[in-house]
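A.B. asks: Sequence first, then the predicted structure:
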Amino acid sequence: MDEADQALRIPICRLRCLACGVNISILPDFLIPYFQHTLHAMVERIDRILKGRKVDGSRQQLAQHLKRFYNRLHWIHTFFIDSGDHLGFSQNLKKEALKYVKKGANR
C-alpha cells in the first residue's frame, strides 16, 4: 500500500437531539453521508464500474454503491442544473451516470 492508498480513521462527531432523539453526524466536506469512502474514491470507483474496468472490493459492495448512485442521479442532475449547466436527462441510467461522473471529475 503506498501513501496515496493509505487508510485513515477519522473521528466523526455524532449528536443526538434531546427533543426528538434523531442522530446527526458532522462530516468533513470530503466525505459522503452513508459511504465509507471519500468523494474522490467513490467517483473513481463508480467511473471504473460504469466503464467495465476492474475495481477492488466486494462485488456486493460495488453493486450497492452503483445502485445508490443511480438512485441519486436526479439529485446529481439538479446540482449541475443549479450550477448553470443546461443538460437533458434521458432514461438510460448508465449513460446519465457516465455523463455526470465525467462532469464531476472535470470540476
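C.D. replies: Received the coordinates, thanks. A quick note: this is a predicted structure, and the numbers were derived from the prediction, not measured.
A.B. asks: How many residues are close by the nearest residue to residue 57 once chain neighbours are set aside?
C.D. replies: Excluding its sequence neighbours, the residue lying closest to residue 57 (CB to CB, 6 or more residues apart in numbering) is residue 45, at 7.3 Å. The C-beta positions use only the backbone N, C-alpha and C, and glycine is treated the same way. Other residues near residue 45 number 21, with proximity taken as other CB atoms under 10 Å.
A.B. asks: Report the contact partners of residue 45.
C.D. replies: Contacts for residue 45 (CB atoms under 8 Å, 6 or more residues apart in numbering) come out as 37, 55, 57, 62, 65.
A.B. asks: now with 10 Å?
C.D. replies: Listed by CB atoms under 10 Å, 6 or more residues apart in numbering, the contact partners of residue 45 are 35, 37, 55, 56, 57, 61, 62, 65, 66, 69, 101.
A.B. asks: Just the element for the fifth one, please.
C.D. replies: What it means is residue 57. If you go by DSSP states H and E, residue 57 is not part of any helix or strand.
A.B. asks: where does the closest residue to residue 66 other than its chain neighbours land in three-state SS?
C.D. replies: Leaving out its chain neighbours, the residue that sits closest to residue 66 by CB to CB, 6+ apart is residue 49, at 5.4 Å. Secondary structure state of residue 49, per DSSP: H, G, I helix; E, B strand; the rest coil, is helix.
A.B. asks: where do the strands sit along this structure?
C.D. replies: 13-16, 23-26 (DSSP state E).
A.B. asks: pull the CA atoms of the first one into PDB?
C.D. replies: Right, strand 13-16. Once non-C-alpha atoms are left out, strand 13-16 reads as follows in PDB (Å, rounded to 0.1, in the frame of the first residue of the first chain):
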ATOM      1  CA  CYS A  13     -18.800  13.800  15.800                       C
ATOM      2  CA  ARG A  14     -22.300  12.400  16.300                       C
ATOM      3  CA  LEU A  15     -25.000  14.300  18.100                       C
ATOM      4  CA  ARG A  16     -28.400  13.300  19.400                       C
END
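A.B. asks: Remind me what that strand packs against, helices and strands.
C.D. replies: Strand 13-16 sits against strand 23-26, with contacts defined as 3 or more CB pairs under 10 Å, 6 or more residues apart in numbering; DSSP states H and E.
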